[in-house]
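K.L.:
Okay, predicted coordinates and the sequence, questions at the end:
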Amino acid sequence: MLAQTPEITEIILAAAEKARQETRDAPDHPRLSRLRWPQECTIGPGLEGAIACETKIGYVNGAKGWLVYRGYDIFELCAYSTFEEVSYLLLHGDLPSVDELAEYKRKLTRYQHLNQTLRLLVSFPVEEMNAMGALRMGTIFMRQEFTTMDREGGRPAVDDAIGADEDSIAMETKPFGEEHAIYEFKARRRSRRKSAAMDASGMEACYHLIAGVATITAAIARVRRGLLPIEPDPELSFAANLYYMIHGRRPTPFQERILDICLILHADHGMNASTFAALVVASTLSDFYLSIGSGIAALSGPLHGGANEQVINTLREIGSSAGVSNWMHMAMVKKKKISGFGHRVYKAYDPRARVLGPLAAYGIERSTPEIINLFDTARELEKQVLRSFGTEKKIFPNVDFYSGIVYSRLGISPALFTPLFAVSRVAGWTARVLEYLHHNRIFRPRAMYVGEFDRHYVPVDQR
Ligand code: CMC
């Protein structure tokens, strides 16, 4: 895939060079020494500035617009690596050897089969549910996949297996594309193995979640369109499989590479709200599945991962590049927060948007008129936001601004943008939960009480 798409590598290297040029004067590493607890720091509302823990997983330099996973610059990983390598890197600390990568891919492929989870999921009206709500529910169901197998000696009971044509499956429409690719819901004979959920290190549960959240997202994408889920194809890469399980056809090398880069870019990002949510739940010694379910819940909000869907709504509301000036005027009068712009940490251009913008632009003339119009509107909006706020308030496009256009070009509908973000971020969430649990301490910050004292109960009929 990488060798077949050299022009995409060129785009990333050009973005990296631009980032270097534009942030040459910003400070590099403000602090990289070990902390001595208790630590004094200045904290703002929303825990701004608070240091929750130490980590070796990722580093964000907001002044420089610099994102690092385990010491590797994000541009370099996008240019030369794959999501499989990057997710392994986040979890294990080093890039995998040839053998380690092969074993990791084998496990991901195995864990992408979610027989019980999908059977449960499609028995709910997924097509009517919020996609992130359905994804969270599916992720929690994944826990069951292993507990039931434990009980049954590693094998699901044959009676539990149902054919794809039974009434209990909500959607009956035949998938288009590859006819025989329907998810079969059959009992799969497996040798007894250690349960992922019970694995002492937690690593197997991390693999299971990284693989499974992709399968669930693809299944939700299909059920929403009245189609049955599709079995993963063991021959395909993670990104290609995700595309295949959504669309029922294999991606071109270009589509596979673009989706792979999106997965790499969204995999981890410091102590963001969803990562923190996952850590808070994990710190109570709850399990990985519930922790990641909490990450998914936090990611869904429009101030966080939900912004990618909001961006498309905004662009549609604006209508065309000619409508941007009027819309901007209204937004500024109403002091509206513009989705896809601004960031708690970045006070420079988000490096992820530096990659996604040019990827959205690449070959845009071959897109549909609707997508070309969205892109032109986005470009004009970026120009006007930078002119109005850029230098003064340091508000730049963030990861969510162009990702929706890139996903739209891959034929993915807006309701699936945030679930796709989650598919990737599971790598960061699980890596950080795993790391945190080594030195776990339950999260328990304080709230400053500013309420009243000395009130006395008055019976309801006397109030
Ligand atoms: N549009 C207009 N003004 C903005 C924006 C924006 N998108 N973001 C921040 N500002 C202004 C804000 O009004 C404030 O101005 P003032 O000082 O005059 O009151 C100043 O910039 C600082 O903003 P803040 O709200 O204190 O910043 P925050 O760190 O609390 O919030 C944010 C960060 C990302 C929630 C916010 O920038 C925002 O709401 N952006 C839009 C939603 C969005 O795109 N979210 C995705 C974030 S990146 C990826 C992810 O996490 O998923």
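P.N.:
Received the coordinates, thanks.
K.L.:
Count the residues that sit near Glu48.
P.N.:
Using other C-beta atoms under 10 Å, Glu48 is surrounded by 10 other residues. For the C-beta atoms, the positions are set from N, CA and C on the backbone; glycine is no exception.
K.L.:
need the contact list for it.
P.N.:
With contact set as C-beta atoms under 8 Å, 6 or more residues apart in numbering, Glu48 has these partners: Arg344.
K.L.:
Local confidence estimate at it?
P.N.:
The per-residue pLDDT reported for Glu48 equals 93.
K.L.:
separation between it and the ligand?
P.N.:
From Glu48 over to the ligand the distance is 7 Å, taken as C-beta to the nearest ligand atom, to the nearest Å.
K.L.:
Mind listing residues that contact stretch 372-389?
P.N.:
Against stretch 372-389 from outside (C-beta under 8 Å, 6+ apart): 311-312, 314-316, 318-321, 323-325, 327-328, 332, 338, 341, 357, 360-361, 364-365, 367, 395-397, 401-402, 405, 408.
K.L.:
Got a PyMOL select line for the buried ones in those residues?
P.N.:
Command for PyMOL, covering only those of the contacts of stretch 372-389 found buried under the criterion 16 or more other C-beta atoms under 10 Å:
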select buried, resi 311+312+314+315+318+321+324+327+328+338+341+357+360+361+364+367+395+396+397+401+402+405+408
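K.L.:
and the contacts of stretch 372-389 near the ligand, which?
P.N.:
Judged by C-beta under 6 Å from any ligand atom, the overlap between the contacts of stretch 372-389 and the neighbourhood of the ligand comprises Ile338, Phe341, Ile395.
K.L.:
would TSV of those residues with distance to Gly428 and pLDDT be doable?
P.N.:
Supplementary listing: those in TSV, determined by distance: C-beta to C-beta, whole Å; pLDDT from 0 to 100:
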residue	distance to Gly428	pLDDT
Ile338	26	97
Phe341	22	97
Ile395	24	94
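K.L.:
In contact with the closest residue to the ligand within the chain, which residues?
P.N.:
The minimum distance from the chain to the ligand, using C-beta to the nearest ligand atom, falls at Gly342 (2.4 Å). Contacts here follow C-beta under 8 Å, 6+ apart; on that basis Gly342 touches Ile395, Phe396, Asn398.
K.L.:
how about 7 Å then?
P.N.:
In this structure, Gly342 makes contact with Ile395, Asn398, judged by C-beta atoms under 7 Å, 6 or more residues apart in numbering.
K.L.:
For it, give me the backbone phi and psi.
P.N.:
As for Gly342, its main-chain torsions (degrees, to the nearest 10) stand at phi 90, psi 160.
K.L.:
From Pro38, how far off is it?
P.N.:
32 Å (C-beta to C-beta, to the nearest Å).
K.L.:
cool, Arg463 as well?
P.N.:
Here the distance between Arg463 and Pro38 works out to 45 Å (C-beta to C-beta).
K.L.:
and what of Ala278?
P.N.:
Taking C-beta to C-beta, one finds Ala278 at 24 Å from Pro38.
K.L.:
who's more crowded, those two?
P.N.:
Ala278 (30 against 5).
K.L.:
So that one sits against Leu290, correct?
P.N.:
No. Taking C-beta atoms under 7 Å as the contact criterion, Ala278 and Leu290 are not neighbours in contact, 9.3 Å apart.
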